[in-house]
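1. what's the 3D shape of this:
(chains A and B)
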Amino acid sequence: MSSIVQTKNLSRWYGQVTGVIDLTLEIGGGVTGLLGPNGAGKSTFLSMVTGQIQPTRGSLTVLGEDPWNNPKLMGRIGYSSEVDAFYEEMTGFDFLCILLRYSGLSRKVGRQSADAALELVGLSHARDRKIGGYSKGMRQRIKVAQALAHEPELVILDEPLNGMDPVARAETTRLVKYLGDVKRHVIVSSHVLYEVEAMTSQILLIHQGKVLAEGNIHDIRDLIDEHPHQVKIECARPRELAARLLAFEDIVSVSIDSPPEGDGNGKAPEEESLPLLTVTSRKPDEFYERVGKLVLETGIEVSRLSSADDNLQAVFKYLVR
Amino acid sequence: MPVYDQGYRRFEGPMGSGFANWWVITKSEIILRFSRKLLLFLLIIPSFLPMLGMMIAVYVMLQIATSDQLPMGASIIAKQFLDQVSTEFYFLFFKIHASTFLLLWGAFVGSDLISNDRKTNAMELYFTRPIRPVDYLLGKFGTLVFFLLFTTMLPALLLYLFAISVAPEAAEGTESYFEATKHVPGAIVFYSFVQAIVVSTFMLALSSLGRNWILVGAIWGGVYLFSQVGYRIVQELSGSGAAVAISLRDSLLLVGRRIFQLETEVEHWEAAAWMLGILTVSSLLILCRRIRVVETVK
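-> Numbering: from 1, shown residues only, chains lettered A, B, ... in the order given. Okay, here's the model as predicted:
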């Protein structure tokens, strides 16, 4: 699939403050997670993508066009900002209608699209309530709705899950995944790793205005192969398994943690846990293959095997180390 | 949430032309303001009261002048009043407007046009859509211009039409009333636009400088009122009529008198015209710099 967003040596300074530095990247179709801590440059990058600020240096194309001073392109993009931007005295429906008029839709089509967008984000019940009376989660959802209402080719959501309750988070996550399923292009930013992880495996890590890594989460894992990978194994005979694993050269360390005990009030843990064996390996692919064979050979009971390295948090930790 | 029940596809219907974008903004702002009952009752309706008062005065005086049952003295006074329904009479309407409603319109409608968008970060709502900064500016500008024209040009023209329809009866034997005042409609339209353009541009520039509309309104009020005081003081001290350029209100009125072809009290109407021109250009320069989405971090 051709690039939706393409940059070359893209930089942006605010006076002496740097926003992004020398970004060269390509974002393909589907859902892409833009990940980085607060102040990493995500919003600056998205502001340039949405044509709100001009790059200081470098080139940027969005859907094949330069976004700066390109109002026509803005009709193909839907943007939900990190910060609240509302007319508090308007109802959610009126707010969407007016923005759809700004997007160039006729009054009649705009009203239909506004209703559809409200239904899409689950706000139909609050259609005629003033935005000033919306909860934080509802405000986030109306922001997402206004980005989707004109059915753009590219949807950009800047920290869309901020302030949402767990139910709204789950719904919005589903919505983003759904947009990917129906072949929309979505760029979703977050500083919370598991949020992005739940939406897509296609990520872009930004830190201090620079791209740390981009691609599939597993591609990114390949980038950090020089770092040992940690795998946690809940098993019945951890010492025996540890001894066998230590015979291999790629194993850096093993440690055994006892299962948690009762809380002292006579209550036992909810379910009986097995001891936890933590193994650090330099060759994760070989390790996974080997550990399966060992378990079969020895008949050791394994209740859970998880790799922290498959979690974005671990990837990010490695990359910014 | 019924996500999977919804069809989601690219909108392929007709999109509006870029040319009309500013009008969409103006229209929505006007509708929004007409929906504010307080504004409607405290500003929009009262703005028409001077016109109504003047119409009633003309009508009553006409009735007195043409009545056989009233004493002759009353009839003469009424006819003298009706003789005054001339160019000066229409300009009086603008003087009343400039003394009160212009100040109030600027404070209550102009002050929040941009400051509120800056406060609520709403500018990005505009600029992440197919709207150019010039569309945004024209849209906001059109809002205040509309209300100013709605409350000056419209009532002034109505007043003129009303007077035209009744005055010939009161002006028997004199030059045709229409002939004597044929320049008035053009002057009303031209002066209304001059006033609306100058005030709207200045007001938008002020509004773009702040985020708090109350503060912006107060600054506007301060500039409008205290510049008049400054003018009087400087005029007293220097004796120069050119001091009128200090006062926005007096400059507007002086230029207005010129447009209405009335004798000017102060000779230096050119100074007033220059001041209004410089003010408008400066305001436009400020607006060009201020209309942006992302604040520059220093």
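
2. gap between the residue nearest to the spatial centre of chain A and A:L46?
-> Against the mean C-alpha coordinate of chain A, by C-alpha atoms, centre = their mean, the closest residue is A:V196 at 1.8 Å. Here A:V196 is placed at a distance of 14 Å from A:L46 (C-beta to C-beta, to the nearest Å). (Glycine included, C-beta is placed from N, CA and C.)

3. again, but for B:S75
-> The gap separating B:S75 from A:L46 is 77 Å, by C-beta to C-beta.

4. mind checking which of these two has more residues around it?
-> Taking neighbours as other C-beta atoms under 10 Å in any protein chain shown, B:S75 and A:L46 compare with A:L46 leading, 24 against 16.

5. surely the more buried one and A:I187 touch.
-> Yes - here A:L46 reaches A:I187: they are 7.2 Å apart, a contact under C-beta atoms under 8 Å.

6. who touches both of these two?
-> A:34, A:156 (C-beta atoms under 8 Å, 6 or more residues apart in numbering or on different chains).

7. where does the prediction get shaky in the chain?
-> No chain in the question, so chain A it is. A:1, A:221-227, A:260-272, A:308-321 (pLDDT under 70).

8. that was the other one, I meant chain B.
-> Applying pLDDT under 70 to chain B flags residues B:1-19, B:83, B:167-177, B:265-267, B:293-298.

9. ok, and the closest non-adjacent residue to the residue nearest in space to the middle of it?
-> Geometric centre of chain B, nearest residue: B:L148, 3.0 Å, by C-alpha atoms, centre = their mean. Leaving out its chain neighbours, the residue that sits closest to B:L148 by C-beta to C-beta, 6 or more residues apart in numbering or on different chains is B:A196, at 3.9 Å.

10. could you check which helix or strand contains that neighbour?
-> Assigned by DSSP states H and E, B:A196 belongs to helix B:184-209.

11. run the chain-centre distance for that helix.
-> Distance of helix B:184-209 from its chain centroid, counting by C-alpha atoms, centre = their mean, to the nearest Å, is 6 Å.

12. for it, buried residues please.
-> B:184-185, B:187-188, B:191-192, B:194-209 (16 or more other C-beta atoms under 10 Å in any protein chain shown).

13. just confirm A:I233 is within a strand.
-> Yes - inclusion of A:I233 in a strand is indicated when DSSP: H, G, I helix; E, B strand; the rest coil is applied.

14. how far away is it from A:S281?
-> Taking C-beta to C-beta, one finds A:I233 at 11 Å from A:S281.

15. now B:H97
-> For B:H97, the distance to A:S281 - C-beta to C-beta - is 83 Å.

16. A:Y134 too?
-> Distance from A:Y134 to A:S281, by C-beta to C-beta: 49 Å.

17. looking at those two, which is more packed in?
-> A:S281 (25 against 20).

18. quick check: closest non-adjacent residue to that one.
-> Per C-beta to C-beta, 6+ apart, closest to A:S281 is A:F287, 4.1 Å.

19. ok, now A:P67?
-> Nearest to A:P67 is A:G51, by C-beta to C-beta, 6+ apart, at 3.7 Å.

20. can you pull out the strands in the stretch 1-150 of chain A?
-> Here the stretch 1-150 of chain A has its strands, by DSSP state E, counting those that start in this stretch, at A:5-14, A:17-27, A:31-35, A:57-62, A:77-80.

21. neighbours of A:A168, how many?
-> Counted with other C-beta under 10 Å, A:A168 comes out at 22.

22. and it, what does it touch?
-> By C-beta under 8 Å, 6+ apart, the contact set of A:A168 is A:122, A:137, A:140-141.

23. let's see 6 Å
-> Taking C-beta atoms under 6 Å, 6 or more residues apart in numbering or on different chains as the criterion, A:A168 is in contact with A:G137.

24. can I assume the residue nearest to A:S281 sits in a helix?
-> Yes - counting by three-state DSSP, A:F287 is located in a helix.

25. what's the spacing between it and chain B?
-> A:F287 is 39 Å from chain B, where distance means C-beta to the nearest C-beta, to the nearest Å.

26. restricting to C-alpha, output stretch B:190-202 in CSV.
-> The C-alpha coordinates for stretch B:190-202 follow below in CSV (Å, rounded to 0.1, in the frame of the first residue of the first chain):
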residue,chain,number,x,y,z
PHE,B,190,-21.8,54.5,2.2
TYR,B,191,-21.4,55.8,5.7
SER,B,192,-23.0,52.6,7.2
PHE,B,193,-20.3,50.6,5.4
VAL,B,194,-17.5,52.9,6.4
GLN,B,195,-18.5,52.7,10.0
ALA,B,196,-19.1,49.0,9.9
ILE,B,197,-15.8,48.2,8.2
VAL,B,198,-13.7,50.4,10.5
VAL,B,199,-15.3,49.3,13.7
SER,B,200,-15.4,45.6,12.7
THR,B,201,-11.7,45.5,11.7
PHE,B,202,-10.6,47.3,14.8
